[in-house]
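The amino acid sequence is not available; the structure is as follows:
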């Protein structure tokens, strides 16, 4: 069973704490029985892929924070389980039904060029503690950072899609194709899927 804890993180060197507080409030209000945790560079746990973590500080923003977010999410979920959500994602409905009876799930992204339709995305990623997909991700990440360019393929959707495909986890990781992120609540609700998340702009999160 996926533990009832929701994580996010702002891993920039100057985190927007007001934004994180607003994010935590939005998720906690819809998930009163869940733990909701917002991490920063000062509060994050240690990471196993330390060399790759250190390399992110040589990147410019927002790539640096995005790379660190991906490294952290795989390791936190592998050790603790739960759901890890990007800090610009706000819920339209509770996750309780989504996680019931599911060992792991991820969101998808509908397009990144015609050659890559419906890729898996870690933007909303959930799993039981010690799920093998996550440990495969942690093991494969150093090689991915070495041979690929750009956060998308090194640790983001391109990477997660390869991990699930190459290690056969398509059998046990549920891709929620209808959990598509829309720019605004009206568009997300109009999508009609069972689960949707608003992709909020910073101003909308802190409002």
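Ah, there it is. Everything numeric in this text was worked out from a predicted model, so none of it was measured. Numbering: from 1, shown residues only.

When you work out contacts or count neighbours from here on, use the C-alpha atoms and nothing else.
OK.

In three-state terms, how would the most centrally placed residue in the chain be classified?
Centroid-nearest residue in the chain: residue 123, 3.3 Å away (criterion: Cα atoms, centre = their mean). Of the three states, residue 123 takes strand according to DSSP: H, G, I helix; E, B strand; the rest coil.

residues contacting it?
84, 85, 86, 106, 107 (Cα atoms under 8 Å, 6 or more residues apart in numbering).

same check, this time on residue 45
So residue 45 contacts residue 76 (Cα under 8 Å, 6+ apart).

one more time with 10 Å, if that's ok
39, 72, 75, 76 (Cα atoms under 10 Å, 6 or more residues apart in numbering).

Confirm for me that the second one is in contact with residue 53.
Yes: here residue 72 reaches residue 53: they are 8.8 Å apart, a contact under Cα atoms under 10 Å.

Next, show the common contact partners of the two.
By Cα under 10 Å, 6+ apart, the residues touching both residue 72 and residue 53 are 46, 47.

the more surrounded of these two?
residue 72 (25 against 20; other Cα atoms under 10 Å).

what sits against that one?
8-9, 11, 39, 44-49, 53, 66, 78, 84, 138.

nearest to residue 95, of those?
Checking these against residue 95 by Cα to Cα gives residue 84 as the nearest, at 11.8 Å.
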